[in-house]
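J.: sequence and predicted structure are below.
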Amino acid sequence: DGFEDWAYVDVREGTHMFWWLYHTYHPDGMENRPLILWLQGGPGGSGAGYGNFDIIGPLRIDQTERNTTWVKEANILFIDNPVGAGYSYVDDLSHLTTTTQEITDDLLVVFRTFLDTHPEFEQTLFYVFGQSYGGKMAAHFTNQLYREVQEGNFDVNVGGYAMGNAWISPVDSVITWGETLFWMGIVDEPGLADITTEADKCSVAVDEERWHDATTAYRQTQYAVNRRSNYVDFYNILKYRVFSRKEETMKRADVPFAEVFYQQNVGYMQPRDLDDIMNGIVKDKIGIVPEDLVWGAQSDDVFTYQEGDFMKPVIDEMDWSLDNTDMDVIVYQGQLDLICDTKGAMDFVQKMQWDGLDDYNIAERKPFVDPEGQTDTFVKANGNFKFYWNMRAGHAV
């Protein structure tokens, strides 16, 4: 009926990326509403799967309608990214990306092909939203796209990007985990000391640009949190024992370490019911996914191949956007998230070299109150930069 479209793009030899578009059903018409690209985190999470059916798409995993779908307000484009996530796949693992720049290069090819297919979006206001690691990818990709537009290589109206509980400065998240858990009463003084010891090793590795070592130290800090908190949920600190249930299976000798790490950081957020529909009714509906392809089968490899880039910050991307463009740059945080905690986000903002930081720091912080009188959100802004604090929300705001 024209409401949806999807396709594969062969971005490089042996490299096949999947996108899925929903046209908005807003009464103003699709041409008069923004186009939003959603980038899922991980790296290795599926936007077409998790972002779509569990967060913002028109249908939930159980195929009932979502009243809060973003499709009511905007055209939504999901890209399974980086290649290897979701329905995107490589013929050989050597084609997987290893850096954020390589991810951006692939995304530019996909987006150019998408616009060739859907030229109606060339003048539509375009935003990129990225959750978790997707926020890191969003900042890098949107800046590169903006430069491509300025050089005449793309015809699209880039409005900006938003980063939800994003992995912008990873070390600022890791070194504040212990403090966040301590003041919430989830760990005691010895627990705080244990977590801090491991986090400090991560910080030193980052300072010395030993990026693989930093990722290893990040893992060790996660393990310290697990044992000291009785497996608090990294994505909502009011929940427990999410990891511990998985670990009994993950301890089997035949399970590769890459899968263990992926499951603890990405896979467990994707319910088993989602695997069922993505390999069942959704795959059948789409009709172009290779018959022998299992949705997400390469996702743990995506995570592993990005290990050398995983702990690198992209604060400089935000600085460049704010000092050189008129794009909106938005950070939004869920209060109950730990993996990309609010304290870490507030700390990385203070590391920005943006000319408007001093004025931002003294700007008024304004509340948003719902019809029942509950304060849901606070926002603080200066110029094109906005920071949202979302109350009672976890990692998937």
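T.: Received, thanks.

J.: could you use CA atoms for every contact and neighbour count after this?
T.: Noted.

J.: dump the residue contacts of residue 239.
T.: Contacts for residue 239 (Cα atoms under 8 Å, 6 or more residues apart in numbering) come out as 232, 233.

J.: partner strands of the strand or helix carrying it and their direction?
T.: Per DSSP states H and E: residue 239 is located in strand 236-240. Applying DSSP bridges to the sheet, strand 236-240 is found paired with strand 232-233 (antiparallel).

J.: return the set of buried residues in stretch 202-212.
T.: Using 16 or more other Cα atoms under 10 Å as the test for burial, stretch 202-212 gives 202, 203, 205, 206, 211, 212.

J.: identify the residue spatially nearest to the second one, adjacent ones excluded.
T.: For residue 203, ignoring the flanking residues on the chain, the nearest one in space by Cα to Cα, 6 or more residues apart in numbering is residue 171 at 6.1 Å.

J.: I'd like the distance between residue 289 and residue 311.
T.: 33 Å (Cα to Cα, to the nearest Å).

J.: those two: which has the busier surroundings?
T.: Neighbours were counted for residue 289 and for residue 311 using other Cα atoms under 10 Å; residue 311 has more, 27 against 19.

J.: kindly provide the distance from the more buried one to residue 199.
T.: Using Cα to Cα, one gets 12 Å for the distance from residue 311 to residue 199.

J.: ok, residue 295 next?
T.: According to Cα to Cα, residue 295 stands 34 Å off from residue 199.

J.: the two: which has the busier surroundings?
T.: Using other Cα under 10 Å, the more surrounded residue of residue 295 and residue 199 is residue 199, with 28 against 24.

J.: OK, contacts around that one?
T.: Neighbours of residue 199 in contact, by Cα under 8 Å, 6+ apart: 174, 175, 217, 218, 221.

J.: from these, which land in helices?
T.: Under the assignment DSSP state H, those contribute 174, 217, 218, 221 to helices.

J.: can you give me the pLDDT of the last one?
T.: The one in question is residue 221. Looking at residue 221, its pLDDT is 97.

J.: which helix or strand in this structure has the lowest average pLDDT?
T.: Across the helices and strands of the chain, mean pLDDT, DSSP states H and E gives its lowest value to helix 242-250, namely a mean of 48.

J.: can I take it that the residue nearest to residue 203 is in a strand?
T.: No - under DSSP: H, G, I helix; E, B strand; the rest coil, residue 171 falls outside any strand and is assigned helix.

J.: list the contacts of it.
T.: Shown in contact with residue 171 (Cα under 8 Å, 6+ apart): 202, 203, 206, 311.

J.: that one and residue 75, how far apart?
T.: Distance of residue 171 to residue 75, computed by Cα to Cα: 34 Å.

J.: what's the answer for residue 240, then?
T.: 36 Å.

J.: residue 195 now?
T.: For residue 195, the distance to residue 75 equals 43 Å [Cα to Cα].

J.: equivalent analysis for residue 201, please.
T.: 44 Å.

J.: next: residue 178.
T.: Between residue 178 and residue 75 the computed distance is 40 Å (Cα to Cα).

J.: more crowded one of these two?
T.: When residue 178 and residue 75 are compared for neighbours, residue 178 comes out ahead with 30 against 27, by other Cα under 10 Å.

J.: for the more buried one, give me its contacts.
T.: Residue 178 touches 187, 191, 192, 193, 195, 196, 225, counting by Cα under 8 Å, 6+ apart.

J.: among those residues, which two are most distant?
T.: Farthest apart among those by Cα to Cα are 187 and 196. That separation is 11.7 Å.

J.: how about residue 47: what's its closest non-neighbour residue?
T.: residue 40 (4.8 Å).

J.: isn't the one you found up against residue 128?
T.: No - with contact defined as Cα atoms under 8 Å, residue 40 does not count as touching residue 128 (10.9 Å).

J.: neighbour count for these two, which is higher?
T.: More neighbours surround residue 40 than the other of residue 40 and residue 128, with 30 against 24 (other Cα under 10 Å).

J.: ok, the more buried one - contacts?
T.: With contact taken as Cα under 8 Å, 6+ apart, residue 40 is in contact with 46, 47, 50, 51, 80, 81, 130, 131, 132, 133, 134.

J.: can you rerun that using 10 Å?
T.: By Cα atoms under 10 Å, 6 or more residues apart in numbering, the residues touching residue 40 are 46-52, 78-82, 85, 129-135, 137-138.

J.: understood, closing this out.
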